[in-house]
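Peer 1: below are the sequence and a predicted model; questions follow.
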Amino acid sequence: MRRRQLKWLWQRLDQLSTMKLTRDALLMKLGSAKSKATATWRLIDIEMAQQGARFSYRLNRDKLRQIRRREGRYLLRTNLTESDPAKLWSYYLQLVAVEEAFKTLKGDLAIRPIFHQQQPRIEAHIFIAFLAYCLHVTLGQRLKALAPGLTPRSVLQKFAAVHMIDVYVPTTDGRELSLTRYTQPEPELRLLLDKLKLSLPAQPLPKITATHPTAATPV
């Protein structure tokens with residue numbers, strides 16, 4: 001990508017150097033070229049003439065060699081004075097986890113934004129959000145130990161296939177049988193539950209309630 005962009009920029013500069021333009025027009029076209037090739041613009045040294053619409057350019061080979069040496073490497077810049085790279089890396093991973101927490105609260109758990117206006121409701125929402133995040137982190141740690149190939153997001157997507165439904169069956173004596181049931185998990189989900197050493201609770205017991213008589217519609 002860098003070579004392709006650098007090739008385009010070099011050709012564009014060559015075109016601009018042969019055009020008859022005013023100084024202002026040349027500066028605008030140079031600015032447009034810079035916006036299209038921001039990553040490689042710093043690899044070329046450009047000098048404008050003191051007067052007129054003329055400029056010279058050359059490839060900065062030192063910068064190019066420096067960039068090539070850094071390819072495939074992850075560099076961290078910090079203001080911490082810790083000399084042990086392992087500790088710096090662990091601090092960075094903690095920072096990534098904190099940033100991921102805010103992303104999770106807005107994404108996977110879908111508990112943001114907060115539209116409450118009263119202070120107690122805002123605090124209750126934040127408390128529930130914190131509990132949900134704790135469960136999310138706990139699931140992630142459990143996956144690392146028992147199913148390292150899975151992420152909390154993928155597991156939550158699999159569990160989303162389980163639904164809770166309410167079934168109401170009228171009886172012959174005028175009452176109503178209420179059955180609260182969750183759908184049976186698919187074989188893949190049962191395998192996941194077994195892998196995580198989890199089990200679904202027993203189906204709730206049925207309930208029989210008296211139906212409310214419907215009010216007569218006035219004629």
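Peer 2: Nice, thanks for sending it over.
Peer 1: who does the helix or strand bottoming out on mean pLDDT in the chain touch, helix- and strand-wise?
Peer 2: Using mean pLDDT, DSSP states H and E, the weakest-scoring helix or strand in the chain turns out to be helix 85-106, at a mean of 76. Judged by 3 or more CB pairs under 8 Å, 6 or more residues apart in numbering; DSSP states H and E, helix 85-106 is in contact with helix 119-146. Yep, even glycine has a C-beta here, placed from its N, CA and C like the rest.
Peer 1: how close does residue 186 get to residue 160?
Peer 2: Counting by CB to CB, to the nearest Å, the gap from residue 186 to residue 160 is 12 Å.
Peer 1: now the helices: where do they sit in the chain?
Peer 2: If DSSP state H is used as the criterion, the helices of the chain fall at 2-18, 23-36, 38-41, 61-70, 85-106, 119-146, 152-159, 187-195.
Peer 1: circling back to that earlier point, residue 186 and residue 160: who's more crowded?
Peer 2: Set residue 186 next to residue 160 and count neighbours by other CB atoms under 10 Å: residue 186 wins out with 12 against 8.
Peer 1: that one and residue 159 touch, don't they?
Peer 2: No: taking contacts as CB atoms under 8 Å, residue 186 lies outside contact range of residue 159: 11.0 Å.
Peer 1: just to revisit the earlier point, would you list the helices of the chain in TSV and tack on distance to residue 169?
Peer 2: Shown next, in TSV, are the helices of the chain (distance: least, CB to CB, whole Å):
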stretch	distance to residue 169
helix 2-18	68
helix 23-36	68
helix 38-41	67
helix 61-70	69
helix 85-106	41
helix 119-146	34
helix 152-159	28
helix 187-195	27
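Peer 1: and residue 53, which of those helices is closest to it?
Peer 2: helix 23-36 (4.4 Å; CB to CB).
Peer 1: how about the closest one: buried residues?
Peer 2: 26, 29, 30, 33 (16 or more other CB atoms under 10 Å).
Peer 1: okay, now the unreliable bits of the chain?
Peer 2: 101-114, 211-219 (pLDDT under 70).
Peer 1: now with 50, please.
Peer 2: Counting by pLDDT under 50, the chain contains low-confidence residues at 213, 215-217, 219.
Peer 1: next up, the contacts around residue 57.
Peer 2: Contacts for residue 57 were tallied using CB atoms under 8 Å, 6 or more residues apart in numbering; they are 13, 17, 44, 45, 46, 47.
Peer 1: can you verify my assumption that the fourth one contacts residue 58?
Peer 2: This means residue 45. Yes: Residue 45 lies in contact with residue 58 (CB under 8 Å); the separation is 5.4 Å.
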